[in-house]
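In: sequence plus the predicted model coming up.
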Amino acid sequence: MRKTCFIGCLLTILSSNLFAQKIEFQEYTLDNGLHVILHQDKTAPVITTSVMYHVGTKNENPNRTGFAHFFEHLLFEGTTNIPKGEWMKIVSGNGGYNNANTSVDRTYYYEVFPSNNLELALWMEADRLRQPVINQVGVDTQKEVVKEEKRLKMDNQPYGSLLAEVRKYLFTKHPYRWNIDGSMEHIDAATLADFQAFNKKFYVPNNAVLVVAGNFETQQAVDWIKKYFGPIKKSADPEKINATEDPITQTIQAKYEDPNIQIPAIVVGYRIPSMKTREARVLDLIAAILSDGKSSRLYKKIVDEKKMALQIGAFPVSQEDYGMYVIYGLPMGNNPTESILAEIDQEILKLQTELISERDYQKLQNAIDTDFVSRNSGVEKIAENLAKYYMLFGDVNLVNTEANIYRSITREEIREAAKKYLNANQRLLLNYIPKSN
């Protein structure tokens, strides 16, 4: 017992020390509007160089969807100085690796190199921003890549269309209503001029943030950033998305037939506030209460004790303008999806009418600390967080303070958020079933 207590106390102390560590950074803006964030960490001889562009699926023409994700691939085709097919070779040949990802709100590119290759990394990203090669050969190549990825990730993946279907019903005015992959018909119909215009509009310095994180000398980094990014010309600021959804006041009933599944799913979707709001963070904690781990309420009751479901989950989809809150269940045996929904509703009702216990509240507090350490474990993760907090939240220091916001959320706020946002007349009920023959 004493040994267990000692280890527990030690872990608590270590967690507290990690939680107390502040992530130091510097930020400034070049004359062309490019925002720069520097985070120095000399514990390992590596650097991460990344650029986040404020362009996602919500910025697309409704008749040309899928462009943001397409550009995630297209901008690896090469530049005026980097021939087609050479980008990856240069990175790997210098001991590094790179990747990119797209969301509804932004697109993110990054390289991780040994620290002696910082100048190379900055030059490559600046060249991609200044003079990417967007020609018909590259477009045609990436069309096939994107189509194959969509087939693997959505079309041939069990439950691969689940979130796309939720989007379609929760949003009717906002461009969040289409999926990140967009329409392959739109991509096929697009002209080379369409792609070039999209690049000219969104992939500009005043619509981007550059982050350098890791082992580097600050003044040298500042000089190289000025040298390579400074001469790039500023463009017109892209227009902001201004689409307001009407409140959902009655249950939306929908059905989707998935040819890749044999077990149906009950899917419940709610539209929730922007991830920048305190209420969205409260709903994050509600998701943890409902389905984070085997001791969570939904898992323990529906999967473990009653054995009604093979799988159960609740999770928020954090987005800049509006978020989504999704709960799903896969029934076990002959249990109907309606019975699983009834159990889910019982647990939501408890959250709406009762305060969670002090024990559960402390469990949340511990999880917040653990999550903070996990999300900032390494310069690669820190770099992306710094870019995200600047671009989507407008406050870089949230990398240090957001955990405190979560810790300040009260049990009463949890109850009130459940009462305000998780009501039957405000949701989508999606009957996600196997495709009939």
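Out: Structure received.
In: from now on I want contacts and neighbour counts done on CA atoms only, so please keep to that.
Out: Fine.
In: using CSV, write out every CA atom in the helix or strand that contains Ala221.
Out: Using DSSP states H and E, the element containing Ala221 is helix 218-229. Coordinates of each C-alpha in helix 218-229 appear next as CSV, following Å, rounded to 0.1, in the frame of the first residue of the first chain:
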residue,chain,number,x,y,z
THR,A,218,16.9,32.9,-33.0
GLN,A,219,18.7,35.6,-34.9
GLN,A,220,19.9,33.2,-37.6
ALA,A,221,16.3,32.0,-38.1
VAL,A,222,15.0,35.6,-38.2
ASP,A,223,17.5,36.5,-40.9
TRP,A,224,16.7,33.5,-43.0
ILE,A,225,13.0,34.1,-42.7
LYS,A,226,13.4,37.7,-43.9
LYS,A,227,15.7,36.5,-46.7
TYR,A,228,13.4,33.9,-48.1
PHE,A,229,9.9,34.9,-47.1
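In: where do the strands sit along the protein?
Out: Using DSSP state E, the strands found in the chain span residues 26-29, 35-40, 46-53, 97-102, 107-114, 208-214, 252-258, 265-273, 309-317, 322-331, 427-434.
In: what lines up beside the shortest one in the sheet?
Out: It refers to strand 26-29. strand 35-40 (antiparallel) (DSSP bridges).
In: how about the helix holding Ala221, which residues are buried there?
Out: 221, 224-225, 228-229 (16 or more other C-alpha atoms under 10 Å).
In: same list (those) but as TSV, adding pLDDT.
Out: Output for the buried residues of helix 218-229, formatted as TSV (pLDDT from 0 to 100):
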residue	pLDDT
Ala221	98
Trp224	98
Ile225	98
Tyr228	98
Phe229	98
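In: tell me which two in those are the farthest apart.
Out: Across the buried residues of helix 218-229, no pair lies farther apart than Ala221 and Phe229, at 11.5 Å, counting by C-alpha to C-alpha.
In: for the strands of the chain, which one sits closest to Pro83?
Out: strand 97-102 (17.0 Å).
In: packing partners for that closest one?
Out: helix 67-74, helix 87-93, strand 107-114 (3 or more C-alpha pairs under 8 Å, 6 or more residues apart in numbering; DSSP states H and E).
In: just name the most buried of those.
Out: helix 67-74 (a mean of 23; mean count of other C-alpha atoms under 10 Å).
In: got the contact list for it?
Out: 55-57, 59-60, 100-103, 107-109, 134, 138-139, 142-143, 146, 180-182, 187, 195, 198 (C-alpha atoms under 8 Å, 6 or more residues apart in numbering).
In: do that again at 6 Å, thanks
Out: With contact meaning C-alpha atoms under 6 Å, 6 or more residues apart in numbering, helix 67-74 is reached by 56-57, 102.
In: that helix vs strand 107-114, what angle?
Out: 30 degrees (axes from the mean of the first three to the mean of the last three C-alpha atoms, to 10 degrees).
In: same question for helix 67-74, mean pLDDT?
Out: The average pLDDT within helix 67-74 is 96.
In: that one to strand 97-102, inter-axis angle?
Out: Using the same axes, to 10 degrees: helix 67-74 against strand 97-102 is 170 degrees.
In: for helix 67-74, list the C-alpha coordinates in PDB.
Out: Output of helix 67-74 as PDB, limited to C-alpha atoms (Å, rounded to 0.1, in the frame of the first residue of the first chain):
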ATOM      1  CA  PHE A  67     -10.100  22.000 -53.600                       C
ATOM      2  CA  ALA A  68      -8.400  22.500 -50.200                       C
ATOM      3  CA  HIS A  69      -7.700  18.800 -49.800                       C
ATOM      4  CA  PHE A  70      -6.600  18.600 -53.400                       C
ATOM      5  CA  PHE A  71      -4.100  21.400 -52.800                       C
ATOM      6  CA  GLU A  72      -2.700  19.500 -49.800                       C
ATOM      7  CA  HIS A  73      -1.400  17.000 -52.400                       C
ATOM      8  CA  LEU A  74      -0.900  19.400 -55.400                       C
END
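In: I figured Val212 hits Thr49, correct?
Out: Yes: if you go by C-alpha atoms under 6 Å, Val212 and Thr49 touch, sitting 4.7 Å apart.
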